[in-house]
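> The sequence and its predicted three-dimensional model are supplied below.
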Amino acid sequence: MKMDEPVQVEAVRDTEGRLTPKSFVFGGETYAVHQIGRRWEDGGWQHTLVMSQDGQTWDLAFSLDLGAWRLMARTSPDHGTLI
């Protein structure tokens, strides 16, 4: 599901200096990041795909200009169906 909503993210810098999400808050619920996936840049945003402990995949994006995180999309654990 495409989203584009502000999201609160706890992140650290990895050994290459990239921001790496550890957890985030969405809909009043805190999600721990279980696995980091693909990373890419698009239009001034640094995207990181993460998997939460419940198996959902999330596209978290950080803007260097704004210093803010956005939740861009999420998918369900069942067959990658958009939710």
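Alright, I've got the coordinates.
> so what pLDDT did the residue most central in space within the chain get?
For the chain, Leu60 is the residue whose C-alpha lies nearest the centre (C-alpha atoms, centre = their mean; 2.3 Å). The model reports Leu60 with a pLDDT of 97.
> and what of the one 5 residues further on?
Per-residue confidence at Asp65 stands at 93 (pLDDT).
> ok, now Thr75?
On the pLDDT scale, Thr75 gets 87.
> Double-check it against Asp54; I have them as touching.
No - Thr75 is beyond contact range of Asp54, at 11.8 Å (criterion: C-beta atoms under 8 Å). Glycine gets a C-beta too; all of them are placed from N, C-alpha and C.
> Among those two, which residue is more densely surrounded?
Just comparing Thr75 and Asp54: by other C-beta atoms under 10 Å the higher neighbour count belongs to Thr75, 18 against 11.
> Leaving out sequence neighbours, find the closest residue to that one.
Thr57 (4.6 Å; C-beta to C-beta, 6 or more residues apart in numbering).
> The residue nearest to the centre of the chain against Ala68, yeah?
No - here Leu60 does not reach Ala68: they are 11.2 Å apart, not a contact under C-beta under 8 Å.
> sorry, back to before: just give me the neighbour total for the residue nearest to Thr75.
16.
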